[in-house]
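Q: no sequence on this one, just coordinates:
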């Protein structure tokens, strides 16, 4: 009697199992890259972009300072601002966006003085602000505020580039000078949102000056009081004045208050200049 034998073929099963394992390995590797390395790479890219924006704001300040110095009217100067960065190619990631806008009456200086009795002088100026919409890195804002460049986060704010404010102490006199830059938006080109690079065009208009003696106090109206407080304290200390002996800086509603009445032996004066700069965001100058 002839017996029938069943022949087993395992090679096909092994091939299928191998293919499944390779696919699973590939999926695991992609998942590891996607969840671990992509966020780190994108966080680094967004951090580098914030450094680029800081450098671009410094260039913007340099351009405006040069316009204020030369006072050449009717000649727009363009600087660029990169609002965001693109996503990674071939991998799942999210691009970062940003917003650039010209804001009016965002910064105020109020001066109380005693030349002819108690008098008060107030000036408000416009600013330029960039706000990031990052996905992986901490959101930041960069602000050009009356000649200063300020970086702001949820945890606080600090001054990156100082404004044109100075104090000189000679005997019983303290002479201050402050060049305030007023940014005024022209036409409808007051903001831009996205991730591309946009030009910011600025044009010198005019300037006006006031010389004030017997200054009692100065109010700084700003959304970034910590940056201005630290800057003013440092400026007066470098001039040879003592905090809480010759002057004091305190946080008040809407900003900070610089009190100059502590030492009766000192006479404070200030030369205040308002430099008016027209600005537009985007290509093409529109009157």
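A: The structure has been received and is ready for your questions. Remember, predicted model here, so these are calculated numbers, not experimental data.
Q: rest of the way, CA atoms for contacts and neighbours
A: Noted.
Q: got a pLDDT number for residue 196?
A: Looking at residue 196, its pLDDT reads 88.
Q: what about it, how many residues close to it?
A: 14 (other C-alpha atoms under 10 Å).
Q: for it, what are its contacts?
A: For residue 196, the set of contacting residues under the criterion of C-alpha atoms under 8 Å, 6 or more residues apart in numbering consists of 82, 83, 84, 85.
Q: let me have the residues you listed in CSV, extended by secondary structure, pLDDT and neighbour count.
A: Supplementary listing: those in CSV, determined by DSSP: H, G, I helix; E, B strand; the rest coil; pLDDT from 0 to 100; neighbours: other C-alpha atoms under 10 Å:
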residue, secondary structure, pLDDT, neighbour count
82, strand, 94, 21
83, coil, 93, 25
84, coil, 89, 24
85, strand, 81, 21
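Q: what helices or strands is the biggest helix by length in the chain leaning on?
A: Determined from DSSP state H, the single longest helix within the chain is helix 38-70. Here helix 38-70 is seen to pack against strand 77-82, strand 141-145, strand 148-153, strand 197-212 when contacts are counted using 3 or more C-alpha pairs under 8 Å, 6 or more residues apart in numbering; DSSP states H and E.
Q: 10 Å instead?
A: For helix 38-70, the packing partners by 3 or more C-alpha pairs under 10 Å, 6 or more residues apart in numbering; DSSP states H and E come out as strand 77-82, strand 119-133, strand 141-145, strand 148-153, strand 156-161, strand 173-185, strand 197-212, strand 267-281.
Q: who does the longest one pair up with?
A: Read it as strand 197-212. Listed by DSSP bridges, the sheet partners of strand 197-212 and their directions read strand 77-82 (antiparallel), strand 267-281 (antiparallel).
Q: quick one: that strand to strand 119-133, angle?
A: Going by axes from the mean of the first three to the mean of the last three C-alpha atoms, to 10 degrees, strand 197-212 is angled at 160 degrees with respect to strand 119-133.
Q: list the contacts for residue 239?
A: Contact partners of residue 239, counting by C-alpha atoms under 10 Å, 6 or more residues apart in numbering, are 166, 167, 168, 169, 170, 174.
Q: brilliant, that's me finished.
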